[in-house]
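**Student:** the following comprises the amino acid sequence and a computationally predicted model.
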Amino acid sequence: GKVREHPRRIGEISGAGTGTSDDIPAMLSDGEFVMTAQSVRNAGGGSRKEGAKKMYQMMKSLEKGGSLV
């Protein structure tokens, strides 16, 4: 089918649906990875905002060559 144009969005996504409904279309680059809403909330001790903050910290550390171990 034809791909609809969507504005580029960076960061946390908010929109229609629930944390598991897959209602928001996403265009990703090869090798990118999407985390579930539940994993983001768990990373923040139940807070979506705090979880996203921690995910960004982890991403920035890994982009600089850090590791998770």
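**Tutor:** Perfect, thanks for sending it.
**Student:** any chance you could list what contacts stretch 33-50?
**Tutor:** Applying C-beta atoms under 8 Å, 6 or more residues apart in numbering, the contact partners of stretch 33-50 are 12, 19-20, 26, 28, 51-55. Every C-beta, even on glycine, is put in place using the N, C-alpha and C of the backbone.
**Student:** which of those residues has the most neighbours?
**Tutor:** Comparing those by number of neighbours (other C-beta atoms under 10 Å), residue 51 comes first, having 21 neighbours.
**Student:** which non-adjacent residue is nearest that residue?
**Tutor:** Nearest residue to residue 51, sequence neighbours excluded (C-beta to C-beta, 6 or more residues apart in numbering): residue 44, at 2.9 Å.
**Student:** for residue 31, see how far away that neighbour is.
**Tutor:** Distance, residue 44 to residue 31, by C-beta to C-beta, to the nearest Å: 25 Å.
**Student:** and those two? which has more neighbours close in?
**Tutor:** With neighbours defined as other C-beta under 10 Å, residue 44 and residue 31 compare such that residue 44 has more, 16 against 5.
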